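J.: next input, structure requested:
(6 chains)
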6 protein chains.
Amino acid sequence: MGSVGRVLYPGRFQPFHNGHAYAIGWLLERYDEVVVAVGSAQEGFTCQNPFTGGERVEMIRSYTKARGIDGRVWIITVPDIRMPPAWTSYTLSLSPRVEAVASGNPQVLDPFKWLGLKTIEIPLEKPELYKGTVIRGFMAKGLEWRHLVPEEVAYFIDEIGGVERVRRVCSSEGR
Amino acid sequence: MGSVGRVLYPGRFQPFHNGHAYAIGWLLERYDEVVVAVGSAQEGFTCQNPFTGGERVEMIRSYTKARGIDGRVWIITVPDIRMPPAWTSYTLSLSPRVEAVASGNPQVLDPFKWLGLKTIEIPLEKPELYKGTVIRGFMAKGLEWRHLVPEEVAYFIDEIGGVERVRRVCSSEGR
Amino acid sequence: MGSVGRVLYPGRFQPFHNGHAYAIGWLLERYDEVVVAVGSAQEGFTCQNPFTGGERVEMIRSYTKARGIDGRVWIITVPDIRMPPAWTSYTLSLSPRVEAVASGNPQVLDPFKWLGLKTIEIPLEKPELYKGTVIRGFMAKGLEWRHLVPEEVAYFIDEIGGVERVRRVCSSEGR
Amino acid sequence: MGSVGRVLYPGRFQPFHNGHAYAIGWLLERYDEVVVAVGSAQEGFTCQNPFTGGERVEMIRSYTKARGIDGRVWIITVPDIRMPPAWTSYTLSLSPRVEAVASGNPQVLDPFKWLGLKTIEIPLEKPELYKGTVIRGFMAKGLEWRHLVPEEVAYFIDEIGGVERVRRVCSSEGR
Amino acid sequence: MGSVGRVLYPGRFQPFHNGHAYAIGWLLERYDEVVVAVGSAQEGFTCQNPFTGGERVEMIRSYTKARGIDGRVWIITVPDIRMPPAWTSYTLSLSPRVEAVASGNPQVLDPFKWLGLKTIEIPLEKPELYKGTVIRGFMAKGLEWRHLVPEEVAYFIDEIGGVERVRRVCSSEGR
Amino acid sequence: MGSVGRVLYPGRFQPFHNGHAYAIGWLLERYDEVVVAVGSAQEGFTCQNPFTGGERVEMIRSYTKARGIDGRVWIITVPDIRMPPAWTSYTLSLSPRVEAVASGNPQVLDPFKWLGLKTIEIPLEKPELYKGTVIRGFMAKGLEWRHLVPEEVAYFIDEIGGVERVRRVCSSEGR
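T.: Next comes the predicted model:
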């Protein structure tokens, strides 16, 4: 079988949506395995980061299990350290060994490039819709959002009362 | 004598105003003691957090002493850790033992509820006026703000030159 | 199928050894799923913590995959925050939802008990031998250690030159 | 009455013992008010720091209330930042305004002196006995310790099962 | 020669521009030596902080060497701690001894004044133009910015591809 | 003139001694410039780290100026982040660009090697004598230590009362 090619895919996944699902599929066509790094993992219960790190891990694994790709995906939790250039080796040290780092976001990729790593710019799928801010905004306003995320994720968010939570925490921004 | 009922009341208190005073009164009707947790305690000298943690402790105790409730109130200082879900047990560990957590802010209450604690939503008193942002805004613009805070607090803020400080640090936002 | 029972199992896993493997087996007899929380995840390349968080994730998953229990095990990475009581809700927030916390170490369990969680004291298997300090000591001194860890772990440690690393970093304690 | 003289008194208070009580008395003879700064406040449930910050606050206030000095004592919680020279202004910013800093420990005083503050070296009372390490050691070994702390503190420690806790967490040092 | 007078000059220097150069000159007329403290030193590769701490050190020293003032200037790197009042003694502890602190920004000066240090308000030179936000905005939009910084700095920014970086990271704000 | 070769040289320098001076000389024979990274820069006033970051910067520059190598040496201050693998890119981000990292300590070098950087093992000069622990021990015990450091450093330590400080803070270990 030869050696395993693995790629790191960092994101916040608030929530995990179709754009993320598409990106994982795109990466699995090119690599044997993907390491999904759940960033800002220490966050939760705020308007920008309503879901805890663990909830996001559950969301993502419910998706990978349902799609039969669980064996090729790793999910790690990466709390913020608020030092972008140092975040690179920090995240690499929490991750199974990888050959490259992939993202659609230059702010994520450029520090890895600066450090000498191979970086891959993922083409974004419908970035104006498949976007955390947009989806959380729909939730807060009571609009339909379920078609923008995999069904396993919609099911999970409903199970934990996620929409009601987003509505509450977004109503009190500014404490 | 029976057991003592205690409730935790977290806030930023920039500055301590009539809404906070009202909330403490409301809680003391329902509990024997209140633990006031001065959050973002490490802050000071910025437009959003002009007063240091210690200054806010002084403000609050000058009020509780003047009103004869000092013996039923605890005041603790809680610096930020920037991890909302972990902030719960962090704050509980800095606090005398409590039975419940009270706030008018869902972002404060919901993580405690998630953790299994009893939470109490305090009804807000004139939230459009008794609000830190509004009061700091009045100070920065030279408008009258003293009627929005207890007189002991107004006296303290004048004593430390608080209005001049707010004006200066709010003029230089963005460094 | 009914609800899934999940238990949290925190540890440092420097390295993952037979005692840890035994504990996971013991927990899987009692719960549907185990969440392995790799603590001190930000460490690596020191005598007490020679392996990075990501290397420990690889070690552990190479074991769970080989034993066919990968589908029932979750592995998360939990960097230190150096506040034992707050570590509880921090770790819970990084973890898929759990019913209980299990460990052989009172320092890990007692803060969770203080917080009101169900805790389970795992009986230790040969604690004088199946112990990180002992195994790292054997590595540093050139003694045999492979019989103390699962064979997949021994294979992984050899693959990354782990013994040589332990020898080097333990030789320079004190900088 | 004129201006109030206040002095800062930092310590870890694991637990609060007769030496600390003596120091507070000594300071109240010289100053109007004492600010007790509970250091390493984020700790708890370890052998060196068995009691949480909040438990230490309760211990100390049960003492000051019983002795009728509650009105002249402030108690603040100061989590570690692990930067000794910066700890000075950090602690000052969490404290009501003070004129001087007092301690029996040069490591505490010297950074304040370096910063230009007035420092006061408190004479230690029976330092070989009235010492946290000694008292925790007695607790762990099942020896008598109650005569080394104020009775209110002994009562509190018994109430929370403190001796059993010390025994457990000290038995598992090294995880 | 007598004693050396030294002044601390903190800033973010994103990038180092003519206003900063002017300030250093102004201070060197009044003091023997200036300590330039590169703040938010752990940042880099974001729209607000595109350049790493080390790149800013290089920028500044390329300027001081070219102008023959290298021997009278110190450059230190000061990562954020996000506690404004504590930042004072933190920065002082990283700096060669100084007599005073100078800045054009009240948010920087006021905490030092609170701590009892001598502070100096530097008159700002063309603050509407010589300003980091303005210069980064020009870079992001493809406008001319080179006349706003010393030529050594412009040369350095071109050498590291700084304009292209600013354009990329500012295009993806919000991740 | 061609490109400049620069090497990073991290250490704690408590205090800067003959072994460090030798290492800098050794590196300047091989590289055009050396970047001295003062690690654990946020420390000071403890037995293991008696001197502040800024005092160590002064010590080192007093040496490089006296020896005429100031123009070829950079000195940066690097506070601890307590995550060894992430410390690599953190330190690189605070440093002017370098080609390689040099140290006599495998714990420093190995994480950089893991990250893909060129590392250089500096031969240690009399490591049993030219060693911070040894020198601080001599100071604490009142033994002669001046022959173990460059004379400019001895002069500086005397100027700030360093020996008395070491004696005091080492006498109170354990607070």
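J.: show me where chain A has helices.
T.: A:18-28, A:53-66, A:84-94, A:106-114, A:132-141, A:151-159, A:162-171 (DSSP state H).
J.: among the ones you listed, which is the most enclosed?
T.: Counting by mean count of other CB atoms under 10 Å in any protein chain shown, helix A:84-94 has the highest mean neighbour count of those, with a mean of 28. Yep, even glycine has a C-beta here, placed from its N, CA and C like the rest.
J.: report the angle between that one and helix E:53-66.
T.: 140 degrees (axes from the mean of the first three to the mean of the last three CA atoms, to 10 degrees).
J.: check the offset of helix A:84-94 from the chain's centre.
T.: Its chain's C-alpha centre and that of helix A:84-94 lie 16 Å apart, by CA atoms, centre = their mean, to the nearest Å.
J.: do that helix and chain C meet?
T.: Yes - part of helix A:84-94 sits near chain C under the criterion CB under 8 Å from any CB of the partner chain, namely A:Tyr90, A:Leu92, A:Ser93, A:Leu94.
J.: ok and that helix relative to helix F:106-114, angle-wise?
T.: 90 degrees.
J.: ok, the residue nearest to A:Ala100 when sequence neighbours are not counted - how many residues close by?
T.: Spatially, and ignoring its direct neighbours in sequence, A:Ala100 is nearest to A:Lys118 (4.0 Å; CB to CB, 6 or more residues apart in numbering or on different chains). Residues within reach of A:Lys118, counting by other CB atoms under 10 Å in any protein chain shown, total 12.
J.: measure A:Lys118 to chain E for me?
T.: The gap separating A:Lys118 from chain E is 17 Å, by CB to the nearest CB, to the nearest Å.
J.: wait, that residue sits on A:Val101?
T.: Yes - using CB atoms under 8 Å, A:Lys118 is in contact with A:Val101, at 7.2 Å.
J.: OK, contacts around the residue nearest to A:Ala100?
T.: A:Glu99, A:Ala100, A:Val101 (CB atoms under 8 Å, 6 or more residues apart in numbering or on different chains).
J.: same thing with A:Tyr31?
T.: Contacts of A:Tyr31 (CB under 8 Å, 6+ apart): A:Gly5, A:Arg6, A:Val7, A:Glu99, A:Ala100.
J.: residues in chain A within reach of chain B, list them.
T.: Contacts of chain A with chain B, taken as CB under 8 Å from any CB, map to A:42-47, A:49, A:52, A:79-80, A:82, A:165, A:168-169, A:171-175.
J.: near chain D, which of those show up?
T.: Okay, of the residues of chain A next to chain B, nothing touches chain D (CB under 8 Å from any CB).
J.: now the buried members of these.
T.: Among these, those scoring as buried are A:42-47, A:49, A:52, A:79-80, A:165, A:168-169, A:172, A:175 (criterion: 16 or more other CB atoms under 10 Å in any protein chain shown).
J.: flag whichever of these scores worst on pLDDT.
T.: Minimum pLDDT for those is recorded at A:Arg175 (41).
J.: surely A:Ala86 is in contact with F:Ala86?
T.: Yes - assessed by CB under 8 Å, A:Ala86 is found in contact with F:Ala86 at 5.1 Å.
J.: give me the common contacts of the two.
T.: With CB under 8 Å, 6+ apart as the test, A:Ala86 and F:Ala86 reach no residue in common.
J.: now the nearest residue to A:Glu58 once chain neighbours are set aside: how far from B:Pro10?
T.: Once flanking residues are discounted, A:Glu58 sits nearest to C:Pro96: 4.6 Å by CB to CB, 6+ apart. Per CB to CB, to the nearest Å, C:Pro96 is found 28 Å from B:Pro10.
J.: who wins for neighbours among the contacts of A:Lys118?
T.: A:Val101 (25 neighbours).
J.: so what's it up against?
T.: A:Val7, A:Leu8, A:Tyr9, A:Pro10, A:Val108, A:Leu109, A:Phe112, A:Leu117, A:Lys118, A:Thr119, A:Ile120.
J.: can you redo those as JSON lines with pLDDT?
T.: As requested, the contacts of A:Val101 are exported to JSON lines (pLDDT from 0 to 100):
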{"residue": "A:Val7", "pLDDT": "98"}
{"residue": "A:Leu8", "pLDDT": "98"}
{"residue": "A:Tyr9", "pLDDT": "98"}
{"residue": "A:Pro10", "pLDDT": "98"}
{"residue": "A:Val108", "pLDDT": "97"}
{"residue": "A:Leu109", "pLDDT": "97"}
{"residue": "A:Phe112", "pLDDT": "98"}
{"residue": "A:Leu117", "pLDDT": "96"}
{"residue": "A:Lys118", "pLDDT": "97"}
{"residue": "A:Thr119", "pLDDT": "98"}
{"residue": "A:Ile120", "pLDDT": "98"}
